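Chemist: Using only what follows, build the 3D model:
(one chain, ligands or ions: 1)
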Amino acid sequence: MSQKNFFSVLKQEINRIDKVKTSKRFEKIIDGFTKESSPKAIIGKEKYQVFNSNDYLGLRHNLLLKKAEHQFSEKFGTGPGAVRFISGSLKIHRDLEKSLAKFHKKDDAMVFSSSFATNLAVLYCLIAGQNKNSLVDNNVIVISDALNHRSIIDGIRVANLPKDQRAIFKHLDPSDMEVILERNKKIYKRALVVTDGVFSMLGEYQKLKQIRNIINRFDKEYENGVLLVVDDAHGVGIAGKTGRGVEEIEEVEADVLIGTFGKAFGADGGYVVANQTIIDYLRESAATYIYSNSIPPGTAGAALKSIELFDKPIGKKLLKNSKENVIYFKKQMKNIGFSFAVDSSHPIQPVLIGDPIKASDLVKKLFKKNIIVTNISFPVVPKGRDEIRVQISAVHTKKDIDQLVKAFEDEKPINSL
Ligand SMILES: Cc1ncc(COP(=O)(O)O)c(C=O)c1O
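Modeler: Presented below is the predicted three-dimensional model:
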């Protein structure tokens with residue numbers, strides 16, 4: 001017996017994953033980007049149009065953000081040097097948190113290394129308390145949308161609740177959530193509803209207004225009320241008239257809002273915004289905040305600069321471009337006979353193909369035409385709803401989009417939906 005046996009198990013597991021064709025380790029390595037206003041990825045000697053990035057406004061290549069990144073790493077160094085409560089709480093972190101709170105009109109904010117790390121700790125602490133001495137008990141029913149992101153699922157998982165305290169409501173179906181709230185109101189002291197704001201596979205917005213209204217009604221039915229937690233990683237910085245996310249689209253507020261700087265804001269790191277009591281509690285309890293470094297000061301500087309752009313003409317222009325580009329792309333694709341799995345105004349646009357082989361073949365053909373998109377198939381989407389996920393950026397030019405549409409037209413699979 002030796003560890004060789006274990007390595008053999010690992011190899012078998014890798015083979016199993018390869019066999020079911022879900023391997024993720026064969027990554028495309030991007031060598032760099034061109035300096036164009038609509039940057040192209042360089043892979044080997046070729047230039048590629050990236051239509052599968054979460055950088056919805058093109059901000060990661062923005063010179064103002066790069067300048068801010070340099071400025072703050074000059075001032076504070078390239079890393080935070082310690083976790084926040086030791087000596088890693090730099091003024092740029094606090095300035096960023098204050099700016100975030102203002103941006104989302106909440107009392108306060110906390111910045112984490114990623115929004116995955118944010119979800120893990122925030123959900124854990126709100127569900128179960130940080131440890132056995134905590135006064136926060138787990139007398140709670142947790143209600144989660146069926147297609148929530150993996151970081152939400154894991155955040156619930158680490159709280160280690162008994163199975164009957166974890167409920168799943170049908171995707172985008174607030175009435176199903178209502179049934180669960182009704183069924184559990186005499187059983188648990190409180191309820192916690194958690195959902196993505198924007199679902200990243202199809203670009204759907206959660207029906208937050210309906211959810212909020214139902215929760216408001218049920219708040220009095222539970223001794224310690226009902227809390228709404230929304231992870232709007234794909235919404236913040238892009239959805240809504242001024243980029244405030246799904247809260248702005250649906251005109252209601254989450255009690256706890258989680259976001260990321262790693263998508264529309266063009267930087268990196270995660271955050272939570274909420275009222276002062278929740279943030280003070282989380283600063284005392286969230287393990288991935290207390291025991292793990294925050295983002296580097298340069299990244300925090302870039303994130304702060306990014307937020308500042310949103311109320312300036314440049315931010316408004318980027319949001320306007322994004323919306324116009326999405327409308328333009330959808331119109332051109334419909335003109336050549338394609339349809340979409342969902343009718344959304346989000347830059348995530350799922351082109352319906354309906355067959356997993358056709359979808360993966362099409363992605364390969366588009367790659368040969370120097371265009372990068374992503375195919376999505378079962379089990380991520382239902383069988384027969386295979387799609388090509390296109391992500392449109394505000395800095396894509398009309399010419400870029402025309403080339404993409406032309407490539408779809410030239411390579412259109414026979415009988416695609
Ligand atoms: C809904 C949602 N939450 C969290 C994350 C994780 O984001 P981060 O890269 O900041 O950890 C993602 C990333 O895809 C996401 O889609």
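Chemist: Residue numbers of this structure in contact with the ligand?
Modeler: 114-116, 149, 151, 196, 200, 231, 233-234, 260, 262, 270 (C-beta under 6 Å from any ligand atom). No exception for glycine: its C-beta is placed from N, CA and C like everyone else's.
Chemist: can you pick the most crowded of those?
Modeler: Within the residues of the chain next to the ligand, most neighbours by other C-beta atoms under 10 Å means D231, with 33 neighbours.
Chemist: In space, what's closest to that one - neighbours in sequence excluded?
Modeler: In this structure, D231 finds its nearest non-sequential neighbour in I258, 4.4 Å apart by C-beta to C-beta, 6 or more residues apart in numbering.
Chemist: so what's that neighbour bridging to?
Modeler: D231, V272 (DSSP bridges).
Chemist: Would you check that it makes contact with V272?
Modeler: Yes - counting by C-beta atoms under 8 Å, I258 touches V272, with 5.2 Å between them.
Chemist: shared neighbours of the two, which are they?
Modeler: Between them, I258 and V272 share these contacting residues under C-beta atoms under 8 Å, 6 or more residues apart in numbering: 118, 122.
Chemist: one step back: run a quick neighbour tally on the residue nearest to D231.
Modeler: The tally of other residues near I258 (other C-beta under 10 Å) stands at 30.
Chemist: which helices and strands sit right next to the helix or strand where E324 lies?
Modeler: When elements are assigned from DSSP states H and E, E324 belongs to helix 313-335. On a contact count with 3 or more C-beta pairs under 8 Å, 6 or more residues apart in numbering; DSSP states H and E, helix 313-335 meets strand 348-352, helix 398-410.
Chemist: Select, out of those, the one closest to L362.
Modeler: helix 398-410 (7.9 Å; C-beta to C-beta).
Chemist: Which positions within the closest one qualify as buried?
Modeler: Within helix 398-410, the residues that qualify as buried by neighbour count (16 or more other C-beta atoms under 10 Å) are 400-401, 403-405, 407-408.
Chemist: Report the two of those separated the most.
Modeler: Once C-beta to C-beta is applied, the buried residues of helix 398-410 give D400 and F408 as the farthest pair, at 13.1 Å.
Chemist: now the strand or helix carrying I307 against helix 313-335, angle please.
Modeler: Counting by DSSP H and E, the element that carries I307 is helix 297-309. With axes from the mean of the first three to the mean of the last three C-alpha atoms, to 10 degrees applied, the angle from helix 297-309 to helix 313-335 works out at 80 degrees.
Chemist: Export helix 297-309 to PDB, keeping only CA atoms.
Modeler: Extracted in PDB, the C-alpha atoms of helix 297-309 (Å, rounded to 0.1, in the frame of the first residue of the first chain):
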ATOM      1  CA  PRO A 297      -3.600  47.600  -3.300                       C
ATOM      2  CA  GLY A 298      -3.100  48.100  -7.100                       C
ATOM      3  CA  THR A 299      -6.200  46.000  -7.800                       C
ATOM      4  CA  ALA A 300      -8.100  47.900  -5.200                       C
ATOM      5  CA  GLY A 301      -7.000  51.200  -6.800                       C
ATOM      6  CA  ALA A 302      -8.100  50.000 -10.200                       C
ATOM      7  CA  ALA A 303     -11.500  48.900  -8.700                       C
ATOM      8  CA  LEU A 304     -12.000  52.200  -7.000                       C
ATOM      9  CA  LYS A 305     -11.200  54.100 -10.300                       C
ATOM     10  CA  SER A 306     -13.600  51.800 -12.100                       C
ATOM     11  CA  ILE A 307     -16.500  52.700  -9.700                       C
ATOM     12  CA  GLU A 308     -15.700  56.400 -10.000                       C
ATOM     13  CA  LEU A 309     -16.200  56.200 -13.800                       C
END
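Chemist: Outside of it itself, which residues are in contact with it?
Modeler: 59, 62, 64-73, 75-80, 90, 92-93, 95-96, 99-100, 103, 111, 237, 261, 265-269, 294-295, 315, 318.
Chemist: Sitting in strands, which of these do you find?
Modeler: V111 (DSSP state E).
Chemist: what's the closest non-adjacent residue to whatever residue of the stretch 251-400 of the chain ends up closest to the ligand?
Modeler: Per C-beta to the nearest ligand atom, T260 is where the stretch 251-400 of the chain lies closest to the ligand, at 3.5 Å. Ranked by C-beta to C-beta, 6+ apart and with sequence neighbours excluded, the top spatial neighbour of T260 is S115, at 3.8 Å.
Chemist: residue ranges for the strands of the stretch 1-150 of the chain, please.
Modeler: Assigned by DSSP state E, counting those that start in this stretch, the strands in the stretch 1-150 of the chain fall at 32-33, 41-43, 46-50, 108-112, 140-145.
Chemist: Make a markdown table out of those and add mean neighbour count.
Modeler: Below are the strands of the stretch 1-150 of the chain laid out as a markdown table (neighbours: other C-beta atoms under 10 Å):
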| stretch | mean neighbour count |
| --- | --- |
| strand 32-33 | 12 |
| strand 41-43 | 16 |
| strand 46-50 | 18 |
| strand 108-112 | 23 |
| strand 140-145 | 24 |
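Chemist: now these in a markdown table, with mean pLDDT?
Modeler: Shown next, in a markdown table, are the strands of the stretch 1-150 of the chain (pLDDT from 0 to 100):
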| stretch | mean pLDDT |
| --- | --- |
| strand 32-33 | 98 |
| strand 41-43 | 98 |
| strand 46-50 | 98 |
| strand 108-112 | 98 |
| strand 140-145 | 98 |
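Chemist: need the contact list for K19.
Modeler: Taking C-beta under 8 Å, 6+ apart as the definition, K19 has no contacts.
Chemist: and the gap between it and the ligand?
Modeler: 26 Å (C-beta to the nearest ligand atom, to the nearest Å).
Chemist: can you check I143 too?
Modeler: 17 Å.
Chemist: what is that residue paired to in the beta sheet?
Modeler: Here I143, judged by DSSP bridges, has bridge partners A167, V193.
Chemist: pLDDT score assigned to the residue lying closest to R389 once chain neighbours are set aside?
Modeler: Residue nearest to R389 in three dimensions, not counting chain neighbours: T374, with 4.7 Å by C-beta to C-beta, 6+ apart. Looking at T374, its pLDDT stands at 94.
Chemist: L417 too?
Modeler: 56.
Chemist: Only the buried residues of stretch 45-61, if you could.
Modeler: Buried-residue list, stretch 45-61, by 16+ other C-beta under 10 Å: 48-52, 54-61.
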